[in-house]
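[1] task: produce atomic coordinates for the following.
(one chain, ligands or ions: 1)
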Amino acid sequence: MANIIYIGYEFKVSPLQPAVEILIAELGYAGFESFVENETGVTAYIQKEEWQDTILDEVQILNSDEFEITYDFSEIEQTNWNAEWEKNFNPIVVDDICAVRAPFHEKFDTQYDIVIEPKMSFGTGHHETTHMMIQHILKNDFENKSVLDMGCGTGVLAILAEMKGAQPIDAIDYDNWCYLNSLENVERNNRKHITVLEGDANLLSGKLYDVIIANINRNILLQDMKTYLSCLNEDGMLFLSGFYNSDIPIIDAEVSKYGLKIQETLERNNWVALKYQ
Ligand SMILES: C[S@@+](CC[C@H](N)C(=O)[O-])C[C@H]1O[C@@H](n2cnc3c(N)ncnc32)[C@H](O)[C@@H]1O
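    All right, here's what the predicted structure looks like:
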């Protein structure tokens, strides 16, 4: 891969927690691709061509009175990301049933063992929203269901859906890196029923799914909900995440227009994941 220029933001945070956790989540949604935590805070990276000078405008924690957060930023060349990840990527286990780990971690004795080479795509299972979407998938029946995973990131949710018996599965992400990374992870986990596509809601036309999974963000979900739901079979299940508890009314106002009702709400650190049917 050719060297890509990144912008690295070094955030100094006091006190560290939970501010660093919230900051990483918000930066992820603002478009930052990877994070390296340290004793004073976190360094966040974004590709220079994705960067814009308003990038931090929506990062609400920077305006919080509870924490002191300062930052500096500079341009850097992509160097050895894998070494950085190996130092910083910890495996996780969801509800003792599903492990998400990197190839360099030892295998877990869980029912589902997902191996993700996270590199720079979102979806290591560490984020609250991924964790809750995994919980939803674990709890629900996916046997022989056709699934759309919109905003697939590393492909982790599509991979788990197939492990739970779903097929066929379309996993879509508009980010080229996520598309390539999902292809790699699908292969790595030996999945045979997942088609990975690069794009967005414009790719959806005419095809119907039994289940739609979308962990993206509030604005994209609101913008594309009509298109997503035109692809959901009657009685199909919809799982949504990527927004806060306080966003539920606005999301629900949109989804309920199409006759779906909230069946279950999961919440972690103010982030939520909803099941609709
Ligand atoms: C919060 S991450 C979720 C990744 C993964 N599904 C998970 O649960 O960990 C959101 C993903 O949506 C992708 N995305 C953002 N806007 C999109 C859009 N309009 N259409 C498709 N994918 C989009 C991003 O590239 C990112 O990979």
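[2] mind listing the strands for the chain?
    Counting by DSSP state E, the chain has strands at residues 5-14, 34-37, 41-47, 68-77, 92-94, 98-101, 112-115, 147-150, 169-173, 194-198, 209-215, 232-244, 262-268, 271-276.
[3] which bits of the stretch 151-277 of the chain sit near the ligand?
    Counting by C-beta under 6 Å from any ligand atom, the stretch 151-277 of the chain comes close to the ligand at 151-153, 156-157, 172-175, 178, 200, 215-216, 220, 242. Every residue, glycine included, has its C-beta placed from N, CA and C.
[4] please repeat the previous calculation with a cut-off of 5 Å.
    Taking C-beta under 5 Å from any ligand atom as the contact definition, the stretch 151-277 of the chain meets the ligand at Gly151, Gly153, Leu157, Asp173, Tyr174, Asp175, Cys178, Asp200, Asn215, Ile216, Ile220.
[5] now for these, which pair is the farthest apart?
    Greatest spacing in those, by C-beta to C-beta: Leu157 and Asp200 (16.8 Å).
[6] more neighbours, these two?
    The neighbour comparison of Leu157 against Asp200 (other C-beta atoms under 10 Å) goes to Leu157, with 29 against 18.
[7] list the contacts for that one?
    Contacts of Leu157 were listed using C-beta atoms under 8 Å, 6 or more residues apart in numbering, and they are Gly123, Thr130, Met133, Ile134, Ile137, Asp149, Ile213, Asn215.
[8] try it again at 6 Å.
    Applying C-beta atoms under 6 Å, 6 or more residues apart in numbering to Leu157 gives the contacts Met133, Asp149, Ile213.
[9] still on that earlier bit, neighbour-wise, which one of the residues of the stretch 151-277 of the chain next to the ligand leads?
    Leu157 (29 neighbours).
[10] measure it to Ile216 for me?
    Leu157 is 12 Å from Ile216, where distance means C-beta to C-beta, to the nearest Å.
[11] wait, Trp92 sits on Val100?
    Actually, residue 92 is Ile. It isn't Trp. Yes - the pair Ile92 / Val100 is scored as a contact, 5.3 Å apart, by C-beta atoms under 6 Å.
[12] flag the shaky bits of the stretch 151-277 of the chain, pLDDT-wise.
    Along the stretch 151-277 of the chain, the model assigns pLDDT under 70 to no residue.
[13] which parts of the stretch 101-250 of the chain are helices?
    Along the stretch 101-250 of the chain, counting by DSSP state H, counting those that start in this stretch, helices occupy 128-139, 156-163, 176-188, 218-229, 248-256.
[14] which of those helices is buried the deepest?
    Each of the helices of the stretch 101-250 of the chain was scored by mean neighbour count; the highest is helix 156-163, a mean of 27, by mean count of other C-beta atoms under 10 Å.
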